[in-house]
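Visitor: Just need the structure, nothing else, for what follows:
(chains A and B)
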Amino acid sequence: MLQTIGAPSVQALFESIPEKLQLSGPLKIEGGFSESALTRHMDALGRTNRPAASHGCFLGGGFYDHDWPALVDHLSGRSEFLTAYTPYQPECSQGTLQAIYEFQSMIAELCGCEVANASMYDGASACAEAALMAVGQTRRRKIVVSAGLHPHSRETLDTYLKHLEIELVEAPLVDGVTQWGDSVDDQTAAVFVQQPNFLGVIEDLDDVCHQAKTHGALSVASLYPIATGLLRSPGHAGIDLVVGDGQSLGVPLGLGGPSFGFFATRQKYVRKIPGRLVGLSRDGEGRRAYTLTFQTREQHIRREKATSNICTNNALIALRGCMHMAALGPKGLEEIACLSRQRTLDMVEAVTRSTTALSLAFPEQAFFNEVTFRAEGGADAIQRFKAALKEQGCHGVLPLSPWYEDMTDLFTLACTEKTRPEDIGKLIKAVESAFQMEVAQ
Amino acid sequence: MNLDLVPLLFEDSRPGRRCVRHANADKTQASHGLPARELRETPPALPEMGELDLIRHFTRLSQKNFAISTQFYPLGSCTMKYNPVVHEKIAADAAWMGLHPMQPADELQGALGLMHQLQEDLGEATGLPGVTLHPAAGAHGELTGLMVLRAWLDEKGENDRRTILIPDSAHGTNPASCTLAGFHVSTVKSNDLGLTDMEDLKAHLNDSVAGFMVTNPNTLGLFEENIQEICDLVHQAGGKVYMDGANFNAIMGITRPGDFGIDMMHLNLHKSFSTPHGGGGPGSGPICVTQELAKYLPEAIVVKNGESYSWSRPSHCIGRLRAWNGNFGVLVRAYAYVKRLGAVGMKRVAENAVLNANYLRVRCHKHWRVPFDRTCMHEFVARPTKVMKDAGVHTMDIAKRLIEKGIHPPTVYFPLVVSEAIMVEPTETESKETLDAFAEAMTEIAKEACAGDPCLHAAPTNTPVGRVDEARAVKDPQLCFRCS
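Guide: Got it, this is the predicted structure:
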């Protein structure tokens, strides 16, 4: 090969790099493992983790321990999906393209919207993109968010918006639900709510739509997709833009990523949507053919005038979501939603019956699969309970104080269809061990 | 390839079919206490499919794709190298995938240790010790880096520096990210050698310049030979230099951006570090910065205290640009890749990537116009000759004819500084036989092109669909089944 090139050595191929810039010795990076040595190394490292999934996981806060059928791993792991790239050449990418088209169709259906994009990085970045789209659409420079929007989404919005000098206003939570007050006005580009909110409380979508509509702003809902098995789709309530994180649709917890974000809206905004879009068209012979479309919005053509800087969706993870939604079907989705709620009702009943030290923080409000409790004894009691639950081999008790300064005595517990009666039994043992001490004192 | 039409899931849907069935679900019980206004009567109209139907549906769809595992895929600037299958086995382990991001650090020691070591190794490989694994993709890393730059300027009170200089050969994400970070873009020309025009750069440098964003090696596959001088000039003008590390594959283990004056850069783990491209993500775009800039990184980075690891928020943190702390599943694969290679293997990657690219360049330049025809790094850019153009042949025709020959086309029509560009990046994992087969295919196509062979306009004829009417998809947008 060197002979063909006409180079004396491989080293000579690097002559364009000034010699003084070339490393004189090897990098200080350990490695060179064989495949079996690597596998052993990774096994040993992995054993020092204590995974929560399938071990009585009552943790929520945006990611939930749902199940998925084996076909999701099997099919999404096919190397023809795994090792392809962005389908720029539609003739040899119809598999990826059709799957994305199906994904867009199912996401739009869950959201109750007319169109959806090919997915985004995650739920938080989808919120940021929604805000940017609303600013572009309304030419206004103020975003109002519910304090019940996931803290990471709020912080992501803050980071994105402050660089563009767009105002971000937070509407507070009162008794667990958003109190819009006079935060929304004629300068507001978008109003953000989360359904259910970070405290697990079900918000009034009619109120959000009313706030937005009255002032000519766009309404945006961040959705927990599983909830649509029981609750109305935000689009059906009149929400303009529905975003969210797809983790609950067949994606492992995976320490928070990769997941996928989704983004759905009205057909009339289609030219303003950020990210990849797949459309249905025809080839020269009139055959049905899928292709990336509206690429003129995108950075490789529009450069600094693009609607967004994002250049990828999270295709492979969205494909998992696509497969999972298809595997569930309407009935399966409804059952998962029902079971998640039933387990939560069972859990709430068991907890409140077993102690007076724990009570529902917002007894007047409805919840779906995550509930905020108040602990008598505040932060210390919460830590004691968390430790007791760990003793039982379970995971959970998420304190809210890191994100809400005034909620020092509040924490959440969440259930899914995977929560078993014996998990709830262990939770109750933890309650007894954490709070009987208090009684004894 | 599977040429048969695969009906949409919705078309194959039959009432009552499904794969997932749960006993004990009780809608009446589940609805107890929920407000009537938020309840729905019927669940979303998802398709209803049996398990075998779904298996066939997606298996057949997969057979309509070209992928690295089935085809040579020399997509320039995308580094389509082989993704070792052992990484998939490792990353699927519940020890990693079962971790909830809200678990306390003491339950995540293996994961945090892995992330910490990856931070260290990427810092060593780039010579830039401040590393965050937070960004979800390359463009997300660019945006993060530019926000770090803003934070640095703001702290110095230099709020007037709002211009970023970008060479005309840059990826489109570079200017788009600048806009999103609140900067203006000014374009610097490339010279006749395909490198940054030093005089034009100097003419652009003034006290409104926040920084220079350079891809090195650049998108023409050429190392910016004056990079050290470029960095010095920008620094003297009071700016910082951001490096787009999309092409890091060519230089890892050979040279370090931190050593030639780069202040910050991103790495595309899905390119240089061999994590699968997944049909368009998920990626991972860690950024590496100088010690001076490390305090502005987004949260959270992993720190080591004695023998244990924990999350840490840098003192002047810009905030966060996503939920949680990085695409962990991608990081596990990248870590495994680094540990397989080690320092010696990393250097060998760059050597073989550059060797393969030069071999193809020389084999192609007899029949194609190679505008910057000298020793390249990991990729090179070619284009049709004048004879071909006069015969009415365009780069798109070449790409489609390659598909017909069972080869994924190179990146086409990019970079913009070369009209009708064909950007070839073979990567280090391809054998000489595969490279020869590509060279021969390109030779045959060159002959057809010179003769204006109509087969070039008809291609591809052996794929599930022929050329797609993209104008129709824009004029009559059909993005969802329900809309059609």
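Visitor: Which pLDDT value belongs to the nearest residue to A:R154 once chain neighbours are set aside?
Guide: Spatial nearest neighbour of A:R154, excluding adjacent residues (CB to CB, 6 or more residues apart in numbering or on different chains): A:V145 at 5.8 Å. Placement of C-beta: from N, CA and C, glycine included. Predicted confidence (pLDDT) for A:V145: 98.
Visitor: For chain B, see how far away A:G257 is.
Guide: Distance, A:G257 to chain B, by CB to the nearest CB, to the nearest Å: 4 Å.
Visitor: Let me see the contact set for the closest residue to that residue other than its chain neighbours.
Guide: Closest residue in space to A:G257, ignoring its immediate chain neighbours: B:N327 at 4.4 Å, by CB to CB, 6+ apart. Applying CB atoms under 8 Å, 6 or more residues apart in numbering or on different chains to B:N327 gives the contacts A:257-258, B:136, B:282-284.
Visitor: same thing but 7 Å
Guide: Applying CB atoms under 7 Å, 6 or more residues apart in numbering or on different chains to B:N327 gives the contacts A:257-258, B:136, B:282, B:284.
Visitor: Nearest to B:H316 among these?
Guide: Using CB to CB, the shortest approach to B:H316 within those belongs to B:A136, at 22.2 Å.
Visitor: From A:M120, how far off is that closest one?
Guide: 9 Å (CB to CB, to the nearest Å).
Visitor: ok, now A:Q104?
Guide: Distance, A:Q104 to A:M120, using CB to CB: 12 Å.
Visitor: In chain B, what residue spans correspond to strands?
Guide: For chain B, the strands defined by DSSP state E occupy B:130-132, B:163-167, B:184-188, B:209-215, B:240-245, B:264-267, B:287-289, B:301-305, B:308-312, B:380-382, B:411-412, B:422-424.
Visitor: Rebuild those as JSON lines, extending it with mean neighbour count, distance to B:N358 and mean pLDDT.
Guide: Listed next are the strands of chain B as JSON lines, based on neighbours: other CB atoms under 10 Å in any protein chain shown; distance: least, CB to CB, whole Å; pLDDT from 0 to 100:
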{"stretch": "strand B:130-132", "mean neighbour count": "26", "distance to B:N358": "31", "mean pLDDT": "98"}
{"stretch": "strand B:163-167", "mean neighbour count": "25", "distance to B:N358": "23", "mean pLDDT": "97"}
{"stretch": "strand B:184-188", "mean neighbour count": "18", "distance to B:N358": "27", "mean pLDDT": "96"}
{"stretch": "strand B:209-215", "mean neighbour count": "26", "distance to B:N358": "19", "mean pLDDT": "98"}
{"stretch": "strand B:240-245", "mean neighbour count": "28", "distance to B:N358": "21", "mean pLDDT": "98"}
{"stretch": "strand B:264-267", "mean neighbour count": "30", "distance to B:N358": "23", "mean pLDDT": "98"}
{"stretch": "strand B:287-289", "mean neighbour count": "31", "distance to B:N358": "28", "mean pLDDT": "98"}
{"stretch": "strand B:301-305", "mean neighbour count": "17", "distance to B:N358": "38", "mean pLDDT": "97"}
{"stretch": "strand B:308-312", "mean neighbour count": "16", "distance to B:N358": "42", "mean pLDDT": "98"}
{"stretch": "strand B:380-382", "mean neighbour count": "29", "distance to B:N358": "8", "mean pLDDT": "97"}
{"stretch": "strand B:411-412", "mean neighbour count": "21", "distance to B:N358": "18", "mean pLDDT": "96"}
{"stretch": "strand B:422-424", "mean neighbour count": "26", "distance to B:N358": "11", "mean pLDDT": "98"}
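Visitor: Present those as JSON lines; the columns should include distance to chain A.
Guide: Shown next, in JSON lines, are those (distance: least, CB to the nearest CB, whole Å):
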{"stretch": "strand B:130-132", "distance to chain A": "13"}
{"stretch": "strand B:163-167", "distance to chain A": "9"}
{"stretch": "strand B:184-188", "distance to chain A": "5"}
{"stretch": "strand B:209-215", "distance to chain A": "12"}
{"stretch": "strand B:240-245", "distance to chain A": "12"}
{"stretch": "strand B:264-267", "distance to chain A": "12"}
{"stretch": "strand B:287-289", "distance to chain A": "13"}
{"stretch": "strand B:301-305", "distance to chain A": "11"}
{"stretch": "strand B:308-312", "distance to chain A": "10"}
{"stretch": "strand B:380-382", "distance to chain A": "12"}
{"stretch": "strand B:411-412", "distance to chain A": "8"}
{"stretch": "strand B:422-424", "distance to chain A": "12"}
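Visitor: a markdown table please, covering these and showing distance to A:E30.
Guide: Below are the strands of chain B laid out as a markdown table (distance: least, CB to CB, whole Å):
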| stretch | distance to A:E30 |
| --- | --- |
| strand B:130-132 | 17 |
| strand B:163-167 | 36 |
| strand B:184-188 | 40 |
| strand B:209-215 | 29 |
| strand B:240-245 | 22 |
| strand B:264-267 | 19 |
| strand B:287-289 | 18 |
| strand B:301-305 | 15 |
| strand B:308-312 | 17 |
| strand B:380-382 | 34 |
| strand B:411-412 | 34 |
| strand B:422-424 | 34 |
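Visitor: Appreciated, that's everything.
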